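Provided below are the primary sequence and the corresponding predicted coordinates.
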Amino acid sequence: MVFRKLPGVSASGMGLRLSQKFVFLLFLSGLVTLCFGALFFLPDSVRLKRIFLSKTETQPVTVGSGSGTGTENDAREPLKRAGKEPDPPRGVTSARGETSTKLKSLIRKPLVPHEATGDRPAGDRAQEDMTLSRSRTESASERVTSSGSDTFSYQKFTRCLLKPPLGRDGGKPSDPKSEERRLKVKEMMKFAWDNYKLYAWGKNELRPLTKNGHIGNMFGGLRGASIIDSLDTLYIMGLMEDYNDAKEWVQNSLDLNSNGEASLFEVNIRYVGGLLSAYYLTGEELYRSKAMELGEKLLPAFNTPTGIPRGVINLGSSGTSWSWGWASAGSSILAEFGTLHLEFVHLSEVSNNPIYTEKVMNIRKLLNKIEKPHGLYPNFLSPVSGNWVQHHVSIGGLGDSFYEYLIKSYLMSDKTDDGAKTMYYGALEAIEANLVQKSTGGLTYMAEWRGGILDHKMGHLACFSGGMIGIGADDGAPDKRQHYLDLAAEITHTCHESYTRSATKLGPEAFRFDAGAEATATRLSDRYYILRPEVIESYMYMWRLTHDPKYRDWGWEAVEALEEHCRVESGFSGIRDVYTVTVSHDNMQQSFFLSETLKYLYLLFSDDDLLPLEDWVFNTEAHPLPIIHKSCLQEEATQEKTVSN
Ligand code: DMJ
């Protein structure tokens with residue numbers, strides 16, 4: 001007996017008076033409440049917490065289609081309505097995501113890449129990858145499910161991939177010449193990375209001549225753009241020590257609590273895209289939670305009367321947004337608000353929160369509805385009225401990646417997103433009818449369109465369109481497929497010409513087809529090259545689609561030119577004039593050089609089974625995002641349900 005009768009105290013029951021019992025019970029219940037409450041503050045890993053706090057599943061709630069009637073102050077309202085707090089208490093554990101032993105026996109081997117240790121050549125790793133990957137994947141995905149703040153299952157995702165992301169042999173090509181070239185590209189990446197690390201670590205970009213870092217004003221105070229942009233490139237190249245340094249930086253130093261003014265577009269394609277692709281490739285929960293945290297900060301940009309986001313957003317708690325000062329009449333830019341779809345759909349996937357998809361579907365709905373001059377999409381749209389502001393159409397800057405994201409949305413949906421498909425082929429038809437031209441010298445190019453008047457100029461940025469038209473060729477109308485593939489090849493050829501016609505064998509920022517010019521820049525201000533990827537990007541896609549060796553040779557010409565004219569003592573730099581070999585460097589190693597230019601070159605010399613196109617699409621910053629094999633995922637979910645019943 002715990003309680004003894006105290007001498008001289010008249011008692012009842014366990015020897016206590018009624019009032020004493022009451023006080024005692026009060027104390028006891030207080031203690032229990034306190035202990036239970038304290039569970040919430042324990043780290044997620046503590047077992048007691050997992051036992052007592054299994055999460056009840058949050059049903060995805062459909063929220064308003066973002067017609068944007070809310071003010072900036074209620075920016076976070078939709079999250080609340082969706083049953084989520086703006087800053088959800090961390091570590092509410094899901095028991096649901098954990099795999100039962102019964103189910104484990106049904107599981108197909110996850111197709112996930114390599115152990116994050118040591119820097120080994122991709123070829124040597126391959127065998128190891130296939131064996132190591134399993135234990136690694138399981139531990140990564142267990143981390144995901146045991147932190148369990150929602151229901152995304154990394155294991156299910158990997159089981160639904162058709163092929164291993166890194167291929168049988170890390171993408172090692174069968175012919176020695178391509179392997180040699182691939183190793184050269186890997187060396188370039190190592191060189192660019194090492195110098196960034198040495199002189200600009202934690203800053204956004206390296207200034208290779210002055211040997212310091214550049215922060216710039218595009219990322220709203222966020223840092224480490226080159227690190228986030230490099231995660232997947234380092235990983236696929238097997239530069240694992242460097243990848244681990246990058247990961248550690250994300251873990252310890254990536255601070256998302258910035259209060260600066262950022263480009264919604266740039267933060268989305270580089271940071272959200274980079275984090276998502278690092279998550280999908282590695283299964284590291286860290287990247288997923290950072291991507292979700294950042295994604296949430298971008299939502300207030302959509303609080304406009306139409307739901308079309310403005311270009312600039314304050315990443316702090318005010319969440320205010322506004323249009324670029326240079327954009328006519330407070331308009332939003334097609335290539336900016338039209339380049340969110342891939343990342344936002346994946347944010348919904350990994351967070352199990354439909355709000356991101358709803359935001360981008362609303363953009364699509366508006367664009368679909370609005371009248372289009374000659375079927376074309378002008379570059380400026382008012383986020384207030386939802387009307388076009390100017391009739392300037394371009395497949396290059398200001399318009400480019402909007403078209404790219406239409407076809408890639410269709411491909412990423414496992415070819416189920418018919419809305420994206422219809423818009424893409426409709427847009428392409430209008431582009432062909434109004435913008436595609438043949439020069440007197442027989443080169444096919446994309447002109448720009450200003451209210452019906454053609455400007456016979458093609459930007460370097462527009463050179464991505466060779467690859468885009470190529471990857472979309474197969475899903476066009478049957479009688480157009482060969483035509484699209486031919487068009488893709490012709491555009492890529494023209495872009496290659498813009499390189500071969502310069503002294504440095506690198507292409508200018510814009511080239512013209514008038515006043516006697518044929519794929520050359522005529523203005524001094526168009527002569528620069530800032531390490532851009534678009535031409536090489538098209539080589540990579542055209543290689544995958546045709547296996548015509550000329551694309552690898554063209555890629556190699558670019559490698560040689562980069563080495564000769566852009567490599568400096570401490571990194572790679574853009575140049576001011578591609579038409580002179582006495583180059584003047586611009587002192588900037590752009591983060592997209594690491595993310596895109598070098599990645600596309602590496603893929604060009606790799607086997608097609610490295611990031612196979614059956615499973616992956618690349619966002620506009622070349623971050624691979626997986627195709628959502630919905631029917632497989634649904635099948636997996638049904639199977640899981642059957643087993644657990
Ligand atoms: C990259 O940031 C992206 O490719 C974007 O879509 C366009 N510009 C640069 C590279 O040139």
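Thanks, I have it.

from memory residue 518 sits against residue 442, does it?
No - Residue 518 lies out of contact with residue 442 (C-beta atoms under 8 Å); the separation is 9.1 Å. Just so you know, the C-beta spots here come from the backbone N, C-alpha and C atoms, and that holds for glycine as well.

more crowded one of the two?
Between residue 518 and residue 442, counted using other C-beta atoms under 10 Å, the more crowded position is residue 518 (18 against 10).

part of a helix, is that one?
No - secondary structure of residue 518 (DSSP: H, G, I helix; E, B strand; the rest coil): coil, not part of a helix.

which residues are in contact with it?
439-441, 443, 497, 501 (C-beta atoms under 8 Å, 6 or more residues apart in numbering).

now a ChimeraX select for only the buried ones of these.
With 16 or more other C-beta atoms under 10 Å as the criterion, this ChimeraX line picks the buried residues out of those:
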select :439,443,497,501
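
among the contacts of residue 518, give me the pair with the biggest separation.
440 and 501 (14.7 Å; C-beta to C-beta).

out of the contacts of residue 518, which is nearest to the ligand?
Nearest to the ligand out of the contacts of residue 518 is residue 497 (C-beta to the nearest ligand atom; 19.1 Å).

show the model's pLDDT score for the closest one.
Looking at residue 497, its pLDDT reads 99.

so how far is residue 400 from residue 476?
In this view, residue 476 and residue 400 are 20 Å apart by C-beta to C-beta, to the nearest Å.

same check, this time on residue 447
14 Å.

quick check: residues of this structure near the ligand?
401, 461, 532-533, 592, 596, 620-621 (C-beta under 6 Å from any ligand atom).

export those residues to a markdown table and tack on secondary structure and distance to residue 548?
A markdown table is the format used below for the residues of the chain next to the ligand (DSSP: H, G, I helix; E, B strand; the rest coil; distance: C-beta to C-beta, whole Å):
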| residue | secondary structure | distance to residue 548 |
| --- | --- | --- |
| 401 | helix | 26 |
| 461 | helix | 24 |
| 532 | coil | 23 |
| 533 | coil | 20 |
| 592 | helix | 26 |
| 596 | helix | 22 |
| 620 | coil | 25 |
| 621 | coil | 26 |
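
turn those residues into TSV, including distance to residue 341, pLDDT and neighbour count.
Output for the residues of the chain next to the ligand, formatted as TSV (distance: C-beta to C-beta, whole Å; pLDDT from 0 to 100; neighbours: other C-beta atoms under 10 Å):
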residue	distance to residue 341	pLDDT	neighbour count
401	10	98	26
461	19	98	21
532	23	98	23
533	20	99	26
592	20	99	24
596	19	99	27
620	11	98	26
621	14	99	26
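
just give me the closest of the residues you listed to residue 214.
Nearest member of the residues of the chain next to the ligand to residue 214, counting by C-beta to C-beta, is residue 592, at 13.4 Å.

am I right that that closest one is in contact with residue 536?
No - in terms of C-beta under 8 Å, residue 592 does not count as a neighbour of residue 536; the distance is 11.3 Å.

once you drop chain neighbours, what's closest to the residue in the stretch 201-350 of the chain that the ligand sits nearest to?
The ligand sits closest to residue 269 of the stretch 201-350 of the chain, with a gap of 6.1 Å, by C-beta to the nearest ligand atom. Sequence neighbours aside, residue 621 is the residue nearest to residue 269 in space, at 4.3 Å (criterion: C-beta to C-beta, 6 or more residues apart in numbering).

for the one you found, list the residues it contacts.
229, 269-270, 273-274, 592, 595-596.

who touches the residue nearest the centre of the chain in this structure?
The centroid of the chain falls nearest to residue 273 when counting by C-alpha atoms, centre = their mean (1.8 Å). Shown in contact with residue 273 (C-beta under 8 Å, 6+ apart): 342-343, 619-621, 623, 625.

return the subset of these lying in strands.
The members of the contacts of residue 273 that map onto strands under DSSP state E are residue 625.

which one of the contacts of residue 273 is nearest the ligand?
Nearest to the ligand among the contacts of residue 273, with distances taken as C-beta to the nearest ligand atom, is residue 620, at 3.7 Å.

backbone phi and psi for the closest one, please?
The phi/psi pair for residue 620 (degrees, to the nearest 10) reads phi -70, psi -10.

what about the nearest residue to it once chain neighbours are set aside, distance to residue 501?
Once flanking residues are discounted, residue 620 sits nearest to residue 401: 4.1 Å by C-beta to C-beta, 6+ apart. Applying C-beta to C-beta, the value for residue 401 to residue 501 is 26 Å.

residue 390: neighbour count?
Every residue meeting other C-beta under 10 Å relative to residue 390 is counted, giving 15.

which ones are touching the residue lying closest to it once chain neighbours are set aside?
Among residues not flanking residue 390 along the chain, residue 380 sits closest, at 4.7 Å (C-beta to C-beta, 6+ apart). Residues near residue 380 by C-beta under 8 Å, 6+ apart: 327-329, 331-334, 388-390, 392, 398.

show me the residues you listed that map onto strands.
332-333, 388-390, 392.

now, of those, which are buried?
332-333, 388-389, 392.

circling back: pLDDT and distance to residue 28 added to the contacts of residue 380, as CSV?
Conversion of the contacts of residue 380 to CSV gives the following (pLDDT from 0 to 100; distance: C-beta to C-beta, whole Å):
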residue, pLDDT, distance to residue 28
327, 93, 65
328, 84, 70
329, 89, 68
331, 97, 65
332, 98, 60
333, 98, 64
334, 98, 65
388, 98, 70
389, 96, 69
390, 91, 73
392, 97, 74
398, 98, 68
